[in-house]
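**Student:** Provide a 3D model corresponding to the input given below.
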Amino acid sequence: MKMIPLGKSGLTVSELCLGTMTWGSQNTVAEAQAQADLALERGVTFWDTAEMYPTNPVRAETVGRTEEIIGEWLAARGGRSRLVIATKITGKGAVVRPGEPITGRSMRAALEGSLRRLGTDYVDLYQLHWPNRGSYHFRQAWSYAPHGADKAAETAHMTDVLTTAKALIDEGKIRAIGLSNESTWGAARWLHLADTLGLPRMASVQNEYSLLCRQFDTDWAEFSMIEDMPLLAFSPLATGLLSGKYAGDVTPEGTRRSFTPDLGGRVTPRVFPAVAAYLGIAARHGLDPCQMAIAFCRSRPFTTLPIIGATSVAQLASNIDAAGLTLPQVVLDEIVEAHRAHPRPY
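**Tutor:** Numbering: from 1, shown residues only. Have a look, this model is predicted:
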């Protein structure tokens with residue numbers, strides 16, 4: 001497993017990141033622990049979670065359970081230093097602290113809760129799950145209209161959060177801070193304030209990215225490369241669509257779609273023709289479609305760390321096999337043509 005610097009954070013992480021958001025809902029504790037064991041055995045030492053997990057769906061009664069499962073695994077296996085653990089503070093509009101924005105104060109309180117559930121005294125990467133001002137992610141781009149957030153108020157908020165992050169780093173409770181579901185303007189402002197005020201730099205951004213979701217490919221791509229802000233790509237298999245298991249608009253028992261029929265707005269009339277195009281490319285070249293999709297993410301000119309999650313250990317093992325896979329140029333060329341034919345399937 002290749003190890004990669006996480007931007008300018010000083011952290012070094014595995015090229016694939018283990019996603020844990022279904023642990024405690026779609027996955028039992030035993031299944032989660034088996035996935036954790038396999039990931040560590042195969043060198044996937046970068047793990048991502050969040051205080052609001054598990055998802056699919058998010059329920060008030062299960063909030064924090066994923067972090068607890070990781071904490072239970074750590075207590076049983078030991079070796080906290082073997083892992084780079086990333087978690088997140090939830091933003092407004094979720095079942096965690098409903099309506100409460102992210103502030104320095106709420107960040108400190110949320111972190112203390114995560115540390116307790118994880119059974120550790122530090123988090124390697126602490127991320128803001130989404131901006132207070134809202135975002136265009138999760139299919140919100142179709143009706144997205146920036147509301148002209150007050151720049152002075154945003155600056156004060158960001159300064160508050162970065163100041164608290166510095167204190168938490170100085171206390172040894174976090175090692176780096178990062179973004180999620182953010183825009184290029186937001187990321188630029190965070191970095192400007194960090195550089196101007198001598199405060200911690202946002203190390204990375206966790207946004208959705210896959211063969212079916214390519215919003216990152218233009219302004220974000222340029223920003224990521226120039227500012228050395230890696231992308232933690234969530235849903236690189238488009239919640240399983242790119243595996244082909246939903247082809248023909250079917251819903252196999254026990255899959256994510258059996259819990260969330262529209263897969264968070266990803267199931268549209270346009271998505272199955274797009275999936276068929278990518279499945280065709282994989283078949284023509286003798287590639288596993290999931291491995292091709294993950295390797296595509298790793299092939300981008302900007303640093304991309306796919307977050308891989310799975311329902312079963314077998315699926316996880318196969319996805320991990322994408323590490324080190326280099327796609328032939330002919331495959332990349334066909335992907336370009338498929339993207340032009342199916343540019344925005346959801």
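**Student:** surely residue 304 and residue 233 touch.
**Tutor:** Yes - using CB atoms under 8 Å, residue 304 is in contact with residue 233, at 5.2 Å. Bear in mind the C-beta positions are built from the backbone N, C-alpha and C, glycine included.
**Student:** once you drop chain neighbours, what's closest to the residue nearest in space to the middle of the chain?
**Tutor:** Taking CA atoms, centre = their mean, the centroid of the chain lies closest to residue 234, which sits 3.6 Å from it. Leaving aside its chain neighbours, residue 234 sits nearest to residue 307 (4.8 Å; criterion: CB to CB, 6 or more residues apart in numbering).
**Student:** quick one: mean pLDDT over stretch 197-204.
**Tutor:** Stretch 197-204 shows a mean pLDDT of 98.
**Student:** quote the end-to-end distance of that stretch.
**Tutor:** Using CA to CA, to the nearest Å, one end of stretch 197-204 lies 19 Å from the other.
**Student:** and for stretch 213-220?
**Tutor:** 13 Å.
**Student:** ok, stretch 205-212 next?
**Tutor:** Note: stretch 205-212 ends 19 Å apart using CA to CA.
**Student:** same check on stretch 257-274?
**Tutor:** Stretch 257-274: ends 18 Å apart by CA to CA.
**Student:** list the buried residues of that stretch.
**Tutor:** Residues of stretch 257-274 classed as buried by neighbour count (16 or more other CB atoms under 10 Å): 257, 260, 263, 264, 266, 267, 271, 272, 274.
**Student:** what helix or strand does the last one sit in?
**Tutor:** Following DSSP states H and E, the helix or strand that holds residue 274 is helix 271-284.
**Student:** which strands or helices does that helix pack on?
**Tutor:** helix 289-298, helix 329-341 (3 or more CB pairs under 8 Å, 6 or more residues apart in numbering; DSSP states H and E).
**Student:** quick one: the shortest one to helix 329-341, angle?
**Tutor:** When you say that, I think you mean helix 289-298. 90 degrees (axes from the mean of the first three to the mean of the last three CA atoms, to 10 degrees).
**Student:** outside of helix 289-298, which residues touch it?
**Tutor:** 15-16, 209-211, 233, 236-238, 242-244, 278-279, 281-283, 285, 304, 306, 308, 315, 318-319, 321-322, 325-327, 331-332, 335 (CB atoms under 8 Å, 6 or more residues apart in numbering).
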